[in-house]
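Asks: need a 3D model of the sequence below.
(one chain, ligands or ions: 1)
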Amino acid sequence: MQKITFFKRFVNDILAERKTITIRDASEANVQAGDILEVSTLEEGLWFCRMQVLSVTQVNWADLTPLHAAQENMGLVELKQLIKEIYPGQDHFYVIHFELLK
Ligand SMILES: CC(=O)Nc1cc[nH]c(=O)n1
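Replies: Numbering: from 1, shown residues only. Okay, here's the model as predicted:
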(Lines give C-alpha, C1' and ligand atoms only; values in the text may rest on other atoms or scores of the structure.)
Protein backbone atom coordinates (compact mmCIF):
# COMPACT_ATOMS: atom_id res chain seq x y z
CA MET A 1 0.00 0.00 0.00
CA GLN A 2 1.27 3.47 -0.84
CA LYS A 3 1.78 6.00 1.94
CA ILE A 4 1.63 9.76 2.33
CA THR A 5 2.33 11.99 5.32
CA PHE A 6 0.84 15.30 6.38
CA PHE A 7 1.85 17.81 9.02
CA LYS A 8 -0.27 17.09 12.08
CA ARG A 9 -1.84 20.55 11.91
CA PHE A 10 -3.75 19.31 8.81
CA VAL A 11 -5.27 16.23 10.44
CA ASN A 12 -8.53 17.79 11.65
CA ASP A 13 -9.22 19.48 8.31
CA ILE A 14 -8.59 16.24 6.40
CA LEU A 15 -10.82 14.17 8.67
CA ALA A 16 -13.58 16.79 8.43
CA GLU A 17 -13.17 16.89 4.62
CA ARG A 18 -12.40 20.61 4.73
CA LYS A 19 -9.04 19.92 3.07
CA THR A 20 -9.42 17.94 -0.15
CA ILE A 21 -6.15 18.65 -1.97
CA THR A 22 -2.48 18.62 -1.18
CA ILE A 23 0.11 20.48 -3.22
CA ARG A 24 3.41 18.63 -3.47
CA ASP A 25 6.66 18.85 -5.36
CA ALA A 26 7.69 16.16 -7.84
CA SER A 27 9.48 14.11 -5.18
CA GLU A 28 6.17 13.67 -3.27
CA ALA A 29 3.72 13.35 -6.16
CA ASN A 30 4.39 9.81 -7.31
CA VAL A 31 0.69 8.84 -7.23
CA GLN A 32 -2.11 8.59 -9.76
CA ALA A 33 -5.89 8.66 -9.86
CA GLY A 34 -7.37 5.60 -8.19
CA ASP A 35 -4.47 5.00 -5.83
CA ILE A 36 -5.41 4.35 -2.22
CA LEU A 37 -3.01 5.89 0.28
CA GLU A 38 -2.37 5.13 3.93
CA VAL A 39 -2.07 8.49 5.67
CA SER A 40 -0.02 9.35 8.74
CA THR A 41 1.46 12.39 10.41
CA LEU A 42 4.91 13.52 9.38
CA GLU A 43 5.97 14.36 12.91
CA GLU A 44 5.05 11.16 14.79
CA GLY A 45 4.17 8.75 12.02
CA LEU A 46 0.69 8.25 13.50
CA TRP A 47 -1.77 6.70 11.03
CA PHE A 48 -5.04 8.63 10.85
CA CYS A 49 -6.94 7.69 7.68
CA ARG A 50 -6.97 6.23 4.18
CA MET A 51 -7.63 8.34 1.11
CA GLN A 52 -8.18 7.73 -2.58
CA VAL A 53 -6.49 9.90 -5.19
CA LEU A 54 -9.07 11.45 -7.53
CA SER A 55 -6.68 13.35 -9.80
CA VAL A 56 -3.17 14.71 -10.07
CA THR A 57 -2.63 17.95 -11.99
CA GLN A 58 0.33 20.23 -12.47
CA VAL A 59 0.41 23.81 -11.27
CA ASN A 60 2.97 26.57 -10.99
CA TRP A 61 3.13 28.54 -7.74
CA ALA A 62 2.13 31.74 -9.56
CA ASP A 63 -1.00 30.06 -10.91
CA LEU A 64 -2.43 28.97 -7.56
CA THR A 65 -6.01 30.25 -7.29
CA PRO A 66 -8.62 31.00 -4.64
CA LEU A 67 -10.17 27.63 -5.54
CA HIS A 68 -6.95 25.83 -4.59
CA ALA A 69 -6.93 27.80 -1.35
CA ALA A 70 -10.55 26.90 -0.61
CA GLN A 71 -9.74 23.24 -1.22
CA GLU A 72 -6.92 23.62 1.33
CA ASN A 73 -9.31 25.40 3.75
CA MET A 74 -7.18 28.52 3.83
CA GLY A 75 -6.83 31.88 2.09
CA LEU A 76 -4.79 32.29 -1.09
CA VAL A 77 -2.12 34.49 0.54
CA GLU A 78 -1.70 31.95 3.35
CA LEU A 79 -1.52 29.04 0.89
CA LYS A 80 1.11 30.70 -1.32
CA GLN A 81 3.19 31.61 1.74
CA LEU A 82 2.90 28.06 3.11
CA ILE A 83 4.02 26.47 -0.16
CA LYS A 84 7.01 28.82 -0.34
CA GLU A 85 7.95 27.85 3.24
CA ILE A 86 7.65 24.11 2.64
CA TYR A 87 9.32 24.16 -0.78
CA PRO A 88 11.71 27.16 -0.88
CA GLY A 89 12.92 28.07 -4.34
CA GLN A 90 10.53 25.72 -6.14
CA ASP A 91 7.88 26.80 -8.63
CA HIS A 92 6.47 23.64 -10.17
CA PHE A 93 3.99 21.54 -8.18
CA TYR A 94 1.34 18.84 -8.39
CA VAL A 95 -2.18 19.20 -7.00
CA ILE A 96 -3.27 15.87 -5.57
CA HIS A 97 -7.07 15.88 -5.22
CA PHE A 98 -8.22 13.22 -2.80
CA GLU A 99 -11.27 11.72 -1.16
CA LEU A 100 -11.34 10.54 2.43
CA LEU A 101 -12.21 6.83 2.66
CA LYS A 102 -14.61 5.93 5.46
C1 LIG B 1 4.17 16.75 5.23
C2 LIG B 1 3.11 17.61 4.64
O3 LIG B 1 2.05 17.77 5.18
N4 LIG B 1 3.38 18.20 3.50
C5 LIG B 1 2.50 18.95 2.79
C6 LIG B 1 2.99 19.76 1.84
C7 LIG B 1 2.11 20.51 1.12
N8 LIG B 1 0.79 20.39 1.33
C9 LIG B 1 0.32 19.55 2.28
O10 LIG B 1 -0.91 19.44 2.46
N11 LIG B 1 1.17 18.84 3.01
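Asks: give the contact list for the residue sitting nearest the centre point of the chain.
Replies: The residue lying closest to the centre of the chain (CA atoms, centre = their mean) is T22, at 1.4 Å. Residues near T22 by CB atoms under 8 Å, 6 or more residues apart in numbering: 4, 6, 72, 95-96, 98. In this view, the C-beta of every residue, glycine as well, is placed from N, C-alpha and C.
Asks: just Q32 next, same as before
Replies: With CB under 8 Å, 6+ apart, Q32 has these contacts: 53, 56.
Asks: okay, it: pLDDT?
Replies: pLDDT, Q32: 98.
Asks: helix or strand for it, which one?
Replies: If you go by DSSP states H and E, Q32 is not part of any helix or strand.
Asks: the chain should start at 384 in everything you say after this.
Replies: Let's use 384 as the start, then, which means that last one is Q415.
Asks: how much space between it and E468?
Replies: In this view, Q415 and E468 are 27 Å apart by CB to CB, to the nearest Å.
Asks: strand partners of the helix or strand where the residue nearest to the centre of the chain lies, parallel vs antiparallel please.
Replies: In the assignment (DSSP H and E), T405 maps to strand 404-407. Next to strand 404-407 in the sheet, as set by DSSP bridges, lie strand 475-484 (antiparallel).
Asks: is the longest helix along the chain up against the ligand anywhere?
Replies: Ordering each helix of the chain by length in residues (DSSP state H) puts helix 459-469 first. Yes. Using CB under 6 Å from any ligand atom, we find that helix 459-469 touches the ligand at I469.
Asks: list the buried residues of that helix.
Replies: Residues of helix 459-469 classed as buried: 462-463, 466 (neighbour count, 16 or more other CB atoms under 10 Å).
Asks: and stretch 409-425, by the same measure?
Replies: Those would be 411-412, 414, 418, 420, 422-424, for stretch 409-425 by 16+ other CB under 10 Å.
Asks: how about that stretch and the ligand, touching?
Replies: Yes. Using CB under 6 Å from any ligand atom, stretch 409-425 comes into contact with the ligand via L425.
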